[in-house]
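Undergrad: quick check, what structure comes out for this input:
(2 chains)
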Amino acid sequence: MKKINKITLALFTVSVLGCDHASLGKKASYVHSVIDSLKIDKSKNILIYTINPNDCINCLIGFVSLNNSLAAAATPKVYIISVEREIEKKQTLRSINSIDLTDTVNKVILWNKNIFIGINRSISVKKQISLSSLTIYNYQHDSILYTKLIREIIGIDEFAVYLEK
Amino acid sequence: MSACTHKTTNYNFENASAVKVDESKLVLTRFPVQLEEINDSIVAAINSYKTVSLYNIFSGKNVANFSLININFDSLIQQTFQKKYEGERKYNYNKGAVAGLAGMGEKTGLFQYIHNKFYICVSVLSEVSYLHDSTELLKLNENEKIKQFKKTHKEVNVRITDYVNFLFVTDDKFNLQEVIPLYTPPLFKNNNYYPIYERAFYVDGNDLHVFLLKTNEPYETVRSKKDVSSYYTAVINLEDETKTHFTLNNDAIDYSGFSYDDYLGSATKFYNKNNALLFFNGKEICEVKSGKKVFSRKNLKANEWVNSFYVNEVDHKIVLVDYEKDKKKTPTEFEEHYAIDSLNTARIRIFDTKNLQWIVEKKLPLTFHFPFLVTKNKIIYLDKDKQSYYFNCIKYNEEN
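TA: So this is what the prediction gives:
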């Protein structure tokens, strides 16, 4: 009897590791539902930037440099920008020349304040929902691998292990 | 929106129709951080910490703008701060390293308008290496975070980024007349004080009145304390920094019970009234020179704060907009971390300074956005819907 139980447990463990989060019947996270609708490679870890252009300078310090460093990584990227008016979106696009904010392969730009708040609310450690942050997300396991406010990131070394080579 | 009139005991309040803000030259990305009256129809506002803008409140037209975007800060820092501290410090304005999303490493958070001149405070992020600046090097060596970092990392290359501050002086059309670098005087350095220019400053000839923060403790400990400073204001002599002296302390203005977040978050202002300079801390108003109390916090409830006011000396009245802050029953971690209480019950109140009593109160809409601007005969504030921002104006006058 004991032997059977062990075999059952082992099979169950294997099946859990082998299937994705949604098929377990557990409710998918908000992040999952947002990523679900995007045309990006969901088999890789995904970089999610939540960006509030109105953050203080300190809150976005070094963001351009960080973004440039991550540009070469083959990791899919999602930029969620807290802008709700079309006129502000145009203005932001005009004023930003150091970051390419256009959709390309495996890079999606979402201009949506509600999604920005929704994502930050569901992932941010300290519920600092209005601040810009960087998150690395695994879609298949619906899990947050890394998340930090941009102003607190010291270097790429902190999360390099999660990036696609 | 239609105009309507609400009558109280002695005052009439008339809501004028909302006026759409002209965004053809400058798009607003948030509510302004400062609103000041220039004349009866023009107000000046700071937009997105980048631009000082003039608006006609009756038409909404954006009349003029002063922007930081095309200023060569690299050259400016080299000509000012680098020269001043040559041999001691090395300044490096590295926009690529410090810039945020909009590629800017500078901001403006406060201006003063007086005698047809604008004094615009501009703060610029610059990398600074303290080569032979013993005071600053000592501070770095005593910094707990750096100490910890040195323990866990063999080689640590500390790159310090700090604000350097300037006053840009322009005429009333924003033609630049002068740029004044704001060096930290020895009196502040030696006593661990730091001027927070973007909270409050006032230029009076060669005197620059500033709001102070004491900085001898790390952020983590000081932010949980009450009563965070000993002196709250000082005067810097712009021609001779050795003449700098402290001005207001607890004898003149009451900061008791202020948390760190209250200290840096409440409305604060220097205010000139008939050549008498006043200072306001969100609760009280006093004269800077004599320390005489003009308005005491005893007239407010413990959770009541003032956002904006107008002192009418002739009629012995103070007209103000205030609000209440309440602790939430179930605050989020964010609200706890930043000591954010819910704001409610914004209202216009009028205080009789002769009889020391409130005489009028009128509630404002439940949804409101700071800042309010109280003038001699109106209260101005901004509002927005999904498409546009609007100027709102409530005119008030005493019944005859």
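
Undergrad: break down the stretch 151-300 of chain B into its strands, ranges please.
TA: B:160-171, B:176-182, B:193-195, B:201-204, B:207-214, B:233-237, B:245-246, B:269-273, B:276-280, B:285-287, B:293-295 (DSSP state E, counting those that start in this stretch).

Undergrad: identify the residues contacting residue B:252.
TA: B:286, B:291, B:293 (CB atoms under 8 Å, 6 or more residues apart in numbering or on different chains). In short, each C-beta sits where N, CA and C put it, glycine included.

Undergrad: pLDDT, neighbour count and distance to residue A:51 added to these, as CSV?
TA: Output for the contacts of residue B:252, formatted as CSV (pLDDT from 0 to 100; neighbours: other CB atoms under 10 Å in any protein chain shown; distance: CB to CB, whole Å):
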residue, pLDDT, neighbour count, distance to residue A:51
B:286, 97, 21, 42
B:291, 93, 14, 47
B:293, 94, 15, 46
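
Undergrad: CSV please, covering the residues you listed and showing distance to chain A.
TA: Formatted as CSV, the contacts of residue B:252 follow (distance: CB to the nearest CB, whole Å):
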residue, distance to chain A
B:286, 30
B:291, 34
B:293, 34
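
Undergrad: chain neighbours aside, what residue packs nearest to the residue nearest to the spatial centre of chain A?
TA: Note on chain A: the residue nearest the mean C-alpha position is residue A:48, at 2.6 Å, using CA atoms, centre = their mean. Nearest in space to residue A:48, with sequence neighbours left out and distances taken as CB to CB, 6 or more residues apart in numbering or on different chains, is residue A:135 at 4.3 Å.

Undergrad: which secondary structure element contains the one you found?
TA: strand A:133-138 (DSSP states H and E).

Undergrad: still on that earlier bit, need the contact list for the residue nearest to residue A:48.
TA: Taking CB under 8 Å, 6+ apart, one finds A:31, A:47-50, A:119, A:123, A:144, A:146-147 in contact with residue A:135.

Undergrad: separation between it and residue A:121?
TA: Computed with CB to CB, to the nearest Å, the distance linking residue A:135 and residue A:121 is 12 Å.

Undergrad: ok, residue B:379 next?
TA: 34 Å.

Undergrad: likewise residue B:345?
TA: Computed as CB to CB, the residue B:345 to residue A:121 distance reads 27 Å.

Undergrad: same check, this time on residue A:82
TA: Going from residue A:82 to residue A:121 by CB to CB gives 12 Å.

Undergrad: kindly report the same for residue B:394.
TA: 35 Å.

Undergrad: what number of residues lie near residue A:161?
TA: 10 (other CB atoms under 10 Å in any protein chain shown).

Undergrad: helix/strand/coil for it?
TA: Look at residue A:161: counting by DSSP: H, G, I helix; E, B strand; the rest coil, its state is helix.

Undergrad: how near is it to residue A:109?
TA: Relative to residue A:109, and taking CB to CB, residue A:161 is found at 26 Å.

Undergrad: would you map the helices across the stretch 51-200 of chain B?
TA: Per DSSP state H, counting those that start in this stretch, the stretch 51-200 of chain B carries helices over the ranges B:73-77, B:83-84, B:95-98, B:134-142, B:144-152, B:186-190.

Undergrad: closest to residue B:384 out of those?
TA: Judged by CB to CB, the one of the helices of the stretch 51-200 of chain B that comes nearest to residue B:384 is helix B:95-98, at 30.4 Å.

Undergrad: what mean pLDDT does that closest one have?
TA: Throughout helix B:95-98, pLDDT has a mean value of 66.

Undergrad: centre of the chain to stretch B:165-178, how far?
TA: Between the centre of stretch B:165-178 and the centre of its chain there are 18 Å (CA atoms, centre = their mean, to the nearest Å).

Undergrad: buried residues in it?
TA: B:165-170, B:172, B:174 (16 or more other CB atoms under 10 Å in any protein chain shown).

Undergrad: can you tell me which two in those are farthest apart?
TA: Using CB to CB, the pair of the buried residues of stretch B:165-178 lying farthest apart is B:165 and B:172, separated by 22.8 Å.

Undergrad: run through the helices of chain A in chain order.
TA: A:2-18, A:30-36, A:63-71, A:86-95, A:113-123 (DSSP state H).

Undergrad: lowest average confidence across those helices, which one?
TA: Among those, helix A:2-18 scores lowest, with a mean of 38.

Undergrad: okay, now residue A:88: neighbour count?
TA: 22.

Undergrad: tell me how far it lies from residue B:388.
TA: In terms of CB to CB, residue A:88 sits 11 Å off from residue B:388.

Undergrad: with residue A:141 instead?
TA: From residue A:141 to residue B:388 the distance is 44 Å (CB to CB).

Undergrad: ok, the two, which is more surrounded?
TA: Neighbours were counted for residue A:141 and for residue B:388 using other CB under 10 Å; residue B:388 has more, 16 against 12.

Undergrad: for that one, what are its contacts?
TA: With CB under 8 Å, 6+ apart, residue B:388 has these contacts: B:20-21, B:23.

Undergrad: just the buried subset of these, please.
TA: B:21, B:23.

Undergrad: looking at the contacts of residue B:388, which one is closest to residue B:197?
TA: Distances from residue B:197 to the contacts of residue B:388, taken by CB to CB, are shortest for residue B:21, at 27.0 Å.

Undergrad: next, count neighbours for the residue nearest to that closest one when sequence neighbours are not counted.
TA: Excluding its sequence neighbours, the residue lying closest to residue B:21 (CB to CB, 6+ apart) is residue B:389, at 4.2 Å. Residues near residue B:389, counting by other CB under 10 Å, number 23.

Undergrad: what pairs with residue B:389 across the strands?
TA: Beta bridges link residue B:389 to residue B:384, judged by DSSP bridges.

Undergrad: contacting residues for it?
TA: B:20-21, B:23, B:28, B:31, B:382-383.

Undergrad: likewise residue B:130?
TA: Residue B:130 neighbours (CB under 8 Å, 6+ apart): B:88-89, B:136-137, B:140, B:160.

Undergrad: how near is residue A:117 to residue A:35?
TA: 16 Å.

Undergrad: also residue B:13?
TA: 51 Å.

Undergrad: over to residue B:122?
TA: For residue B:122, the distance to residue A:35 equals 41 Å [CB to CB].

Undergrad: between those two, which one's more packed in?
TA: When residue B:122 and residue A:35 are compared for neighbours, residue B:122 comes out ahead with 27 against 21, by other CB under 10 Å.

Undergrad: need the contact list for that one.
TA: Taking CB under 8 Å, 6+ apart as the test, what residue B:122 contacts is B:68, B:71, B:106-108, B:165-168.

Undergrad: give me the beta-bridge partners of it?
TA: residue B:108, residue B:166.

Undergrad: for residue B:73, grab the count of nearby residues.
TA: The number of residues packed near residue B:73 is 19, by other CB under 10 Å.

Undergrad: okay, and for chain B, where does confidence drop off?
TA: Of all residues in chain B, those with pLDDT under 70 make up the ranges B:1-9, B:96-104, B:154, B:216-229, B:328-341, B:400.

Undergrad: so what's the nearest residue to residue B:16 once chain neighbours are set aside bridging to?
TA: Distances taken as CB to CB, 6+ apart place residue B:393 nearest to residue B:16, at 4.3 Å, with adjacent residues excluded. With DSSP bridges as the criterion, residue B:393 is bridged to residue B:380.

Undergrad: my read: residue B:393 touches residue B:380, true?
TA: Yes. Contact criterion CB atoms under 8 Å: residue B:393 and residue B:380 qualify, at 5.3 Å.

Undergrad: tell me which of these two has more neighbours.
TA: residue B:380 (23 against 19).
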